[in-house]
Each structure stands twice: as structure tokens, then as C-alpha cells.
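**Student:** Pasting a predicted model and its sequence here:
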Amino acid sequence: SYLAFGLYYDWCYNDISPEQRKKVVDNIARRIEDFNIDWAHGWDNINPQNMIVNNTGAFIALSAMYEEIPRAEEYMKRVAAKIATLVMEVIPDDGESFESVHYSSLAWIGILQFGMAARDILNVDIFKHPTFDAYARTLCYSYIPSGGWNTGSDVFGWADGTTASTGKLLPVMSFMAREKQNPVYQYFVQKRLEAFYEQGAINQLYMYPLMFADPNLEAKSPAEYENTPNSKLYYPLDYITTDCGYVFLRDGWDGNEAAMHFHCGPIIGHTAADYRKVYKGNTLGIGHAHPDMGGLLLFAEGEWQFSDDGYTTPATSNHNTLTINGEGQLNDPVYNKVQTSLYGFTGWQAGTFAKPFIEKQEIFGDMTYVACNLTNIYPDYHYGAKDVKLEKYVRHYVYLKPEKTLFVVDEIKTTFESDFEIRWFPYSQSAVLQPDGSYLYSGKNSSMRLETFAQDGVTVENSVINKLYGKAGAFVDALTMQIRKTGKVWTQ
């Protein structure tokens with residue numbers, strides 16, 4: 001509403017009466033004062049979404065009514081300082097998002113609005129900061145293969161974000177394409193708008209990116225730069241963001257490639273986690289994050305093989321990863337009953353300080369190996385009469401691209417005997433047991449074979465379970481592979 005009233009006042013100034021102008025000014029002035037003392041959405045909140053949207057709107061409204069609101073300059077300086085803190089000190093330098101690209105796009109559209117206003121009004125150019133280019137680059141990897149965009153999905157939808165971006169990424173991509181004269185960004189904007197048009201999904205939302213479009217900028221696929229590793233326009237098939245530890249692996253850029261994603265880093269990134277140690281009263285907008293560390297998302301052969309659970313009550317047991325004695329990762333508010341304390345926080349808030357990390361990444365021709373150390377994202381458990389500590393949890397991914405084969409190896413060790421469970425949630429709900437003990441899951445275009453290589457003492461159950469769905473505590477039936485073992489050490 002701040003933004004809308006600011007634009008209304010500025011653009012329609014000569015068309016509205018003095019009485020109407022006064023009503024608008026008085027309303028904004030009162031709301032700005034309320035905004036100042038409202039911690040949840042005001043000056044002291046660094047939430048990447050709400051703070052940006054509210055502060056940007058306030059900045060533009062104040063600039064439109066600068067002469068009419070006595071403290072306008074003071075408030076505008078505070079807005080500018082707060083957004084500068086967010087961009088320079090909190091948002092990861094690798095451009096990643098705390099809560100998936102679906103939600104981060106809301107913040108980044110607000111940052112664009114503020115940046116354009118600051119450039120015109122303050123003569124300050126925040127777009128030179130490398131975070132902007134890094135974010136747009138990460139968005140290129142966040143898209144699933146373009147050949148699958150007709151499925152209703154277009155992005156890897158981790159955390160609360162869905163797999164349908166509904167065009168929210170395009171304004172940022174379009175602006176950065178023009179700003180950096182980047183033909184690859186232009187390619188994704190053009191390709192996505194064409195897909196929306198073919199699907200009959202064009203509406204007013206998709207007109208927004210056209211405001212920033214440069215019609216003279218040529219669009220080029222990342223595939224055109226695959227043999228130019230020293231170019232700024234080189235987009236390697238394997239990409240890991242350094243601050244947040246988001247991993248993207250694919251076997252091409254032709255639109256029909258296989259692509260996968262998993263996360264192995266601080267929930268909010270190293271930069272933001274270190275910032276939060278100092279400013280403890282700030283959640284940094286992590287409410288949409290999920291306890292899905294190490295969980296695999298896979299899109300191949302034009303359809304999902306493993307998808308995310310979407311906008312749902314967060315639960316580790318909803319993801320393709322490990323639970324121990326029925327408990328999940330540190331930021332699991334559903335099943336995590338422990339009160340592990342880190343920097344004065346307990347429960348899921350403590351999880352923001354845990355720092356799982358990429359232990360190793362190596363590329364051998366067409367084979368990619370990534371080792372994710374997930375040990376410290378799990379809390380210490382009080383199980384029965386014993387305190388159970390997870391001493392080691394490393395998940396190894398070995399991706400053989402020509403063979404379309406992925407090996408996942410979990411190394412687990414605890415101080416006391418524990419009940420381990422690894423779950424896999426295939427997108428297909430059709431499974432057939434094969435003579436070799438593997439399961440074949442059939443989709444519309446393909447089949448995926450899942451083999452456990454289970455050793456003695458390991459049970460494998462492929463059955464329908466109740467999986468959390470939505471935010472109201474509802475459940476939905478989901479075909480699930482559950483691999484279980486009781487012990488202190490397990491390699492699976």
C-alpha cells in the first residue's frame with residue numbers, strides 16, 4: 001500500500017484535489033509512524049521479504065511526499081541504511097536464498113524497485129554489488145530443464161517454495177539481462193515467456209519483465225558457451241553456491257537434460273548465520289525454510305523423479321534424508337523435541353547456526369562426486385536413558401552422467417545404538433518389485449529403478465505412508481521407500 005499510494009500521489013498529483021492529497025499524506029504519515037515502532041514489519045526487521053517490500057514502499061511514498069512529511073528525510077535515510085545492510089551484510093554473496101527462489105523473488109523485486117529509486121533520487125547505484133549478478137546466475141540453475149516447463153513446474157521448489165514460479169523470477173532476470181547485457185539471462189526470460197504464451201498463461205503478471213526488456217539484446221543458451229571455460233558467460237554443468245552450499249548438477253543445457261539439486265550448507269548461509277550471532281533478536285525470515293538438508297530433488301526425462309513437498313509443515317521425515325530415533329534435523333519444528341542450545345537459541349532457531357558443509361567435490365570426465373557432511377545439522381538426542389550424539393553423517397553423491405545413474409551412499413555413526421531410517425519419496429506412485437530386489441517406478445515418459453544394496457540387519461519397505469501435507473496438519477498418502485537399521489554404525 002505504501003508503494004501504491006506513493007505512485008498514486010506522484011503520478012496523479014494534478015488530477016486530485018487538495019483535500020484528497022491531504023488525506024493521502026496524513027494516512028501515509030500516520031502509517032510511517034506506526035511502521036517505525038512495529039518491530040515485526042518495521043525498521044528493525046531484516047526479514048528478506050517483508051522488510052524489503054515494506055521499506056521500499058515506504059521509501060517511494062516518502063520521496064513522493066517529501067515536502068509534506070516533516071521527518072521524510074530521516075526515514076528515507078533509515079530505509080536506505082537498512083536495505084544496504086541487507087545487501088552488503090546479510091544476503092549471501094553467492095546470491096542464494098534462505099527460503100527458495102519462489103519466496104526470494106518477492107524480496108528481489110522490492111530490491112530492484114528500491115535500487116531504481118535510489119539511483120534516481122540518491123544518485124547511489126547498488127546494482128554494482130556482485131550479489132545481483134550472482135543471484136541472477138543462480139536463477140539460471142534453479143530452473144528445471146525447459147523441456148519440462150509444460151508440466152506446470154519450472155523450478156526446483158525447495159523449502160516452502162512450490163515448483164511453479166508463476167513468473168516471479170522474470171522481472172529480476174529481465175532487469176539483470178539489460179543491466180549486465182547478459183545474453184544468457186535474456187535467453188531464460190525469452191524462453192520462459194514463450195512457454196507461458198504457448199500454455200495460454202500470459203496475464204498482467206508477465207508484463208512486468210517487459211518493462212525492463214532490452215529488445216536489442218540477443219538471447220543465447222548456456223550451451224553456446226560450454227566450450228569457453230574462461231568466459232564470464234560460461235555456465236558449467238555442475239554448480240555449487242559457496243555461501244549456502246546449494247548444489248546443482250545436470251548433464252546438459254539442451255532443455256531435455258537431467259538435472260538435480262540438494263542442499264548442504266547453513267540454512268541461511270554462512271554470512272547471515274554470522275550476522276545473526278550479533279543481532280540475536282532477528283529471525284532473518286527463516287520461517288519458510290525446511291529441514292531438508294541433503295535431500296535430493298531430481299528432474300529427468302521430462303518429468304519429476306524426486307520432487308519437493310512444497311508449502312507444507314516442515315518435517316525431516318517428509319524428505320529424502322535421514323531421521324534418528326524418529327527425530328529430525330535441528331530446524332525441524334514438528335518432530336524435534338530436543339532443546340539443543342546454540343548462541344542462546346533452542347530448537348529450530350538453533351538450527352540456523354549449524355554449518356553442514358560440502359566436504360569434497362571432484363569431477364572426473366562425465367562423473368561428478370560430491371560429499372556432504374551433515375553431522376552438525378542434527379541435534380544431540382535424549383533417547384531412553386541415554387544421550388545419543390551423532391558423531392558422523394556424510395552423504396556421498398556419485399553421478400555417472402552418460403549412464404544416467406546416481407549412487408547415494410550414507411555413512412552414519414552415533415555414540416549409542418539408535419534406530420536409523422532413510423526415506424525416499426519417488427514422484428511416481430507406481431512401483432514394481434524386480435527379480436534383483438530393486439523397484440521400478442514408472443512415470444508418463446520414463447521409468448526409474450531404485451536399488452538399495454541393503455546388507456544384513458537392514459529392512460526395506462516400499463509402502464504407502466501418511467505424509468504431512470499443507471500447513472494445517474493434514475496428511476496425504478505417499479508411496480515411500482523406508483530403509484531401516486538399528487545400530488551405532490551404518491553405511492547404506
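**Tutor:** Sure thing, it's come through. Numbers count the residues shown, from 1 in each chain.
**Student:** Just the pLDDT for the residue most central in space within the chain.
**Tutor:** Compute the mean C-alpha point of the chain, and by Cα atoms, centre = their mean the closest residue is residue 100, 1.8 Å away. Note for residue 100: predicted pLDDT of 75.
**Student:** neighbouring strands for the strand or helix carrying residue 239, and are they parallel or not?
**Tutor:** Using DSSP states H and E, residue 239 falls within strand 238-240. If you go by DSSP bridges, strand 238-240 pairs up with strand 246-250 (antiparallel).
**Student:** Need the residues that contact the strand it pairs with.
**Tutor:** With contact meaning Cβ atoms under 8 Å, 6 or more residues apart in numbering, strand 246-250 is reached by 94, 96, 138, 141-142, 145, 156, 237-240, 257-265, 358, 368, 370, 372, 397, 399. Yep, even glycine has a C-beta here, placed from its N, CA and C like the rest.
**Student:** Dump that strand to CSV, restricted to CA.
**Tutor:** Provided in CSV are the C-alpha atoms of strand 246-250 (Å, rounded to 0.1, in the frame of the first residue of the first chain):
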residue,chain,number,x,y,z
TYR,A,246,23.3,-25.3,-2.8
VAL,A,247,24.3,-28.0,-5.3
PHE,A,248,23.1,-28.1,-8.9
LEU,A,249,24.1,-30.9,-11.2
ARG,A,250,23.0,-31.5,-14.8
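**Student:** picking up where we left off before, is the residue nearest to the centre of the chain in contact with residue 158, as I believe?
**Tutor:** Yes: look at residue 100 against residue 158 with Cβ atoms under 8 Å: they come within range, at 5.0 Å.
**Student:** for the longest strand anywhere in the chain, which positions count as buried?
**Tutor:** If you go by DSSP state E, the chain has its longest strand at strand 405-424. Residues of strand 405-424 classed as buried by neighbour count (16 or more other Cβ atoms under 10 Å): 406, 408, 410-414, 418, 420-424.
**Student:** Do a quick rundown of the helices in this protein.
**Tutor:** Secondary structure of the chain by DSSP state H: the helices cover 2-11, 18-37, 50-64, 72-85, 100-121, 130-142, 170-180, 183-198, 269-278, 347-350.
**Student:** and residue 372, how many neighbours?
**Tutor:** Residue 372 has 27 neighbouring residues, counting by other Cβ atoms under 10 Å.
**Student:** returning to what we had before: mind checking the helices of the chain for the one nearest to residue 479?
**Tutor:** Comparing these against residue 479 with Cβ to Cβ, the closest turns out to be helix 100-121 (24.3 Å).
**Student:** Buried ones in the closest one, by neighbour count?
**Tutor:** Within helix 100-121, the residues that qualify as buried are 100-105, 107-118, counting by 16+ other Cβ under 10 Å.
**Student:** That one to helix 2-11, inter-axis angle?
**Tutor:** 30 degrees (axes from the mean of the first three to the mean of the last three Cα atoms, to 10 degrees).
**Student:** Put the alpha carbons of helix 100-121 into PDB.
**Tutor:** Output of helix 100-121 as PDB, limited to C-alpha atoms (Å, rounded to 0.1, in the frame of the first residue of the first chain):
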ATOM      1  CA  SER A 100      13.800 -20.900  -2.100                       C
ATOM      2  CA  VAL A 101      13.700 -18.800  -5.200                       C
ATOM      3  CA  HIS A 102       9.900 -18.700  -5.100                       C
ATOM      4  CA  TYR A 103      10.000 -16.500  -1.900                       C
ATOM      5  CA  SER A 104      13.300 -14.700  -2.500                       C
ATOM      6  CA  SER A 105      11.900 -13.300  -5.800                       C
ATOM      7  CA  LEU A 106       9.400 -11.200  -3.700                       C
ATOM      8  CA  ALA A 107      12.400  -9.600  -1.900                       C
ATOM      9  CA  TRP A 108      14.400  -9.100  -5.000                       C
ATOM     10  CA  ILE A 109      11.600  -7.400  -6.900                       C
ATOM     11  CA  GLY A 110      11.500  -5.000  -3.900                       C
ATOM     12  CA  ILE A 111      15.200  -4.500  -4.100                       C
ATOM     13  CA  LEU A 112      15.000  -3.700  -7.800                       C
ATOM     14  CA  GLN A 113      12.400  -1.100  -7.000                       C
ATOM     15  CA  PHE A 114      14.500   0.500  -4.300                       C
ATOM     16  CA  GLY A 115      17.600   0.300  -6.400                       C
ATOM     17  CA  MET A 116      16.000   2.200  -9.300                       C
ATOM     18  CA  ALA A 117      14.600   4.800  -6.900                       C
ATOM     19  CA  ALA A 118      17.900   5.200  -5.100                       C
ATOM     20  CA  ARG A 119      19.700   5.600  -8.400                       C
ATOM     21  CA  ASP A 120      17.400   8.400  -9.400                       C
ATOM     22  CA  ILE A 121      16.900  10.100  -6.000                       C
END
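**Student:** Arrange the helices of the chain in TSV, one row each, with distance to residue 225 as further columns.
**Tutor:** As requested, the helices of the chain are exported to TSV (distance: least, Cβ to Cβ, whole Å):
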stretch	distance to residue 225
helix 2-11	37
helix 18-37	46
helix 50-64	32
helix 72-85	33
helix 100-121	22
helix 130-142	12
helix 170-180	14
helix 183-198	7
helix 269-278	27
helix 347-350	41
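**Student:** pLDDT below threshold where in this protein?
**Tutor:** Under the criterion pLDDT under 70, the flagged ranges of the chain are 36-48, 98, 166, 202-208, 276-285, 334-350, 381-386.
**Student:** again, 80 this time
**Tutor:** Scanning the chain for pLDDT under 80 picks out the ranges 33-51, 85-104, 106, 150-152, 165-168, 199-210, 272-287, 331, 333-353, 380-388.
**Student:** Could you measure from residue 198 over to residue 299?
**Tutor:** Distance of residue 198 to residue 299, computed by Cβ to Cβ, to the nearest Å: 19 Å.
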